[in-house]
Structure formats: structure tokens, C-alpha cells
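S.K.: sequence? don't have it. structure:
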């Protein structure tokens with residue numbers, strides 16, 4: 001079968017590889033669509049770090065097939081599989097977990113102590129391929145009315161959904177989203193669905209801000225042209241209840257903290273390339289909260305329901321669809337150059 005194999009920094013090759021085989025407890029899926037994530041971009045441009053060592057759950061290490069945001073149709077099931085059947089449309093929850101450690105037993109399998117945030121597609125063979133085989137527990141059946149394109153967006157939407165839930169944003173409150181990449185845009189949709197009264201989206205890219213306007217942002221701010229904190233304070237009078245940090249940069253963290261109301265919450269979704277600093281006295285005087293959000297847990301069913309019922313119109317985030325053969329040039333390279341792109345979906349066949 002055809003697959004995109006990651007060997008190292010700037011080294012992703014479209015190759016013919018052996019088709020995976022089903023065994024007991026596993027499911028084989030013909031991949032329909034796979035989204036390109038910021039994690040895929042980071043792997044391609046900067047490397048995969050610990051993935052060069054054998055993962056304790058998957059037993060895999062680089063080279064491996066990238067791609068963790070994917071959907072498809074079940075073609076084969078192993079002995080003992082009962083949650084899906086041949087012919088089912090499915091979304092794959094790629095968060096590898098052991099099921100036995102304390103975090104897993106408490107339902108917080110996204111914090112699995114064995115996996116250490118390992119994912120199918122980053123620590124095991126993933127969705128940039130014609131077929132994927134994985135444990136049945138990672139597969140979620142999609143309703144008939146939901147498209148496979150939408151199915152490929154369940155995973156990143158779950159990231160945003162989990163973040164908004166952890167922020168405890170209440171109906172009628174205001175929110176600011178720093179960073180209008182795919183996760184920032186999906187956070188905007190989730191914040192709107194949660195009842196945010198007004199939303200501010202902040203980014204240095206006019207193309208991304210235009211997309212945020214299309215998705216219904218109340219205000220968009222380019223900090224290269226105006227002071228984001230001053231603008232938010234001017235509109236709200238006292239700041240926003242929740243500021244989502246989806247950019248992963250020192251300036252956005254500082255601005256996000258400064259635009260909060262008293263007892264407001266900074267919700268950090270993004271990963272960071274290095275350490276950052278905060279002003280503890282500014283936080284103290286506001287009695288502000290800083291909350292971190294990692295991936296998702298037990299939320300795929302809710303996200304699938306919201307998308308299938310039209311309450312989260314995630315199709316708006318899709319800006320391009322390409323073939324697997326063109327993954328590097330029209331995907332991994334293009335996303336760095338062309339800021340008008342949000343979510344690019346890849347078709348393997």
C-alpha cells in the first residue's frame with residue numbers, strides 16, 4: 001500500500017509499504033481522509049524527539065507513518081471486536097494508552113503514565129496511508145449523516161472541545177482566542193457553541209483573521225496594527241472571562257493574561273518551543289487562573305454528536321484537499337508559506 005513514512009527532519013517519503021494485518025482485538029480501516037496537524041508540521045520541520053526510541057505501548061519508533069487526524073471505513077475486524085463492524089464509517093481516537101495505570105483507571109487516559117502522550121501517527125503507524133490497523137478501542141462509529149471529511153476533523157475538534165470545557169466558560173461570558181490556526185478556529189466554534197457572548201480572535205495573519213470572521217468571530221485583531229489588550233479593554237470595559245492561548249508564544253501569553261477580568265482564566269492549549277515568563281504579581285492582583293489543556297479524554301462521542309447534528313460546523317475550517325502523493329509539497333511545505341490555509345485534508349488513494 002501507499003504511505004507517507006517519516007524518517008527524520010525534512011524527510012517524509014511516499015513509499016509502497018506492506019499492508020497491515022488484522023489480529024485479535026484489532027480493526028482494519030481503509031483511510032478516507034487525514035488532516036495535517038501542527039504536530040505533523042513540527043515533526044517534519046523539527047523532528048519527533050522521543051519517537052526515535054521504541055514506544056512502550058506500540059513498540060514502534062521512527063521510521064513510521066505519520067497522520068493522527070483520520071477517518072475511514074472498516075474493512076476487517078479481528079476476533080473479539082464488537083464496537084464496530086465491517087462497512088462502518090469511523091473516526092480514530094489516536095491517543096495511545098495502557099488502560100492500567102492510575103491515570104487510565106481514573107478515566108484520564110490522555111495522561112497515561114506509560115504512553116507519555118504517545119499518538120497513533122506520531123508513535124505508531126498512522127493515517128497517511130491507504131490502510132491502518134489498530135486496537136478496537138481507538139475506533140468510534142460515525143452516524144450515517146456525517147461525512148468522512150467531518151470524521152477527519154473529530155480529533156482536532158476534540159482538542160478544542162476539551163479546552164473550552166476545562167476553561168469553564170459560561171453562557172454570556174466573553175472570550176479571547178490568541179492564535180487563529182486550525183485549533184484556534186475550532187476553539188472559536190466551540191466557544192460559540194458554549195454560549196460565548198462575544199469573541200475576540202488575535203493573530204498576526206490577515207488571512208487567518210479573515211477566516212475567523214467567516215466563522216463568526218465578533219472582533220478580529222492584528223497586534224501588528226493595534227494593541228490587542230487595549231482594544232479588548234476598550235470594547236469590554238474590564239476584560240474577558242477566558243483567554244485561550246493557541247499560539248504558543250511569549251507575547252500572546254502576556255497579552256492573554258493582561259486582557260483577563262478579575263478571577264479570569266488563561267487556558268493554554270498550545271505547546272511551546274521553550275520556557276516563557278509570567279508576571280506573578282499581575283496574576284495575584286487579579287486572582288487569575290492558569291489552566292492547561294492536553295488533548296481530550298472520553299469526549300469523542302460528544303464531539304461526533306455535535307458535528308452530526310450541525311451544532312459544530314467544522315467543514316468551514318477545511319481550506320484544501322490534496323492527494324497523498326502531494327503531501328510534502330502541497331501540505332507540509334505549503335502550510336508554512338501560505339497562511340490562508342487552515343485545515344488541509346489528505347486523501348490516500
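M.R.: Arrived safely. These numbers were taken from a predicted model, which means no experiment stands behind them. Numbers count the residues shown, from 1 in each chain.

S.K.: can you give me the end-to-end span of stretch 132-144?
M.R.: 21 Å (CA to CA, to the nearest Å).

S.K.: can you pull out the helices in this structure?
M.R.: 38-46, 102-105, 148-151, 154-167, 182-193, 206-214, 228-236, 250-258, 280-286, 300-308, 327, 334-337 (DSSP state H).

S.K.: okay if I get those as JSON lines plus mean neighbour count and distance to residue 10?
M.R.: Just so you know, the C-beta spots here come from the backbone N, C-alpha and C atoms, and that holds for glycine as well. Shown next, in JSON lines, are the helices of the chain (neighbours: other CB atoms under 10 Å; distance: least, CB to CB, whole Å):
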{"stretch": "helix 38-46", "mean neighbour count": "18", "distance to residue 10": "7"}
{"stretch": "helix 102-105", "mean neighbour count": "14", "distance to residue 10": "35"}
{"stretch": "helix 148-151", "mean neighbour count": "22", "distance to residue 10": "29"}
{"stretch": "helix 154-167", "mean neighbour count": "25", "distance to residue 10": "24"}
{"stretch": "helix 182-193", "mean neighbour count": "26", "distance to residue 10": "22"}
{"stretch": "helix 206-214", "mean neighbour count": "18", "distance to residue 10": "25"}
{"stretch": "helix 228-236", "mean neighbour count": "17", "distance to residue 10": "34"}
{"stretch": "helix 250-258", "mean neighbour count": "20", "distance to residue 10": "26"}
{"stretch": "helix 280-286", "mean neighbour count": "11", "distance to residue 10": "40"}
{"stretch": "helix 300-308", "mean neighbour count": "19", "distance to residue 10": "32"}
{"stretch": "helix 327", "mean neighbour count": "26", "distance to residue 10": "13"}
{"stretch": "helix 334-337", "mean neighbour count": "15", "distance to residue 10": "11"}
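
S.K.: how about the ones you listed in a markdown table, adding mean pLDDT and distance to residue 271?
M.R.: Below are the helices of the chain laid out as a markdown table (pLDDT from 0 to 100; distance: least, CB to CB, whole Å):
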| stretch | mean pLDDT | distance to residue 271 |
| --- | --- | --- |
| helix 38-46 | 93 | 8 |
| helix 102-105 | 98 | 19 |
| helix 148-151 | 98 | 25 |
| helix 154-167 | 98 | 11 |
| helix 182-193 | 98 | 10 |
| helix 206-214 | 97 | 18 |
| helix 228-236 | 98 | 21 |
| helix 250-258 | 97 | 13 |
| helix 280-286 | 93 | 21 |
| helix 300-308 | 98 | 21 |
| helix 327 | 98 | 22 |
| helix 334-337 | 94 | 16 |
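
S.K.: now these as CSV including distance to residue 321?
M.R.: As requested, the helices of the chain are exported to CSV (distance: least, CB to CB, whole Å):
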stretch, distance to residue 321
helix 38-46, 16
helix 102-105, 36
helix 148-151, 8
helix 154-167, 16
helix 182-193, 14
helix 206-214, 16
helix 228-236, 33
helix 250-258, 30
helix 280-286, 43
helix 300-308, 18
helix 327, 12
helix 334-337, 13
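
S.K.: closest to residue 86 out of those helices?
M.R.: Of all these, helix 148-151 sits nearest to residue 86, with 16.0 Å by CB to CB.

S.K.: so which elements touch the closest one?
M.R.: strand 26-35, strand 69-77, strand 89-92 (3 or more CB pairs under 8 Å, 6 or more residues apart in numbering; DSSP states H and E).

S.K.: highest average neighbour count across these?
M.R.: Across these, averaging neighbours per residue (mean count of other CB atoms under 10 Å) puts strand 89-92 on top, at a mean of 26.

S.K.: parallel or antiparallel, which strands does it pair with?
M.R.: Next to strand 89-92 in the sheet, as set by DSSP bridges, lie strand 69-77 (antiparallel), strand 139-141 (antiparallel).

S.K.: residue 164 is nearest to which of these?
M.R.: Of all those, strand 69-77 comes closest under CB to CB, at 18.5 Å.

S.K.: how big is the angle separating that closest one from strand 26-35?
M.R.: 150 degrees (axes from the mean of the first three to the mean of the last three CA atoms, to 10 degrees).

S.K.: between helix 182-193 and strand 69-77, find me the angle.
M.R.: Using the same axes, to 10 degrees: strand 69-77 against helix 182-193 is 90 degrees.

S.K.: okay, the angle between strand 69-77 and helix 154-167?
M.R.: Using the same axes, to 10 degrees: strand 69-77 against helix 154-167 is 120 degrees.
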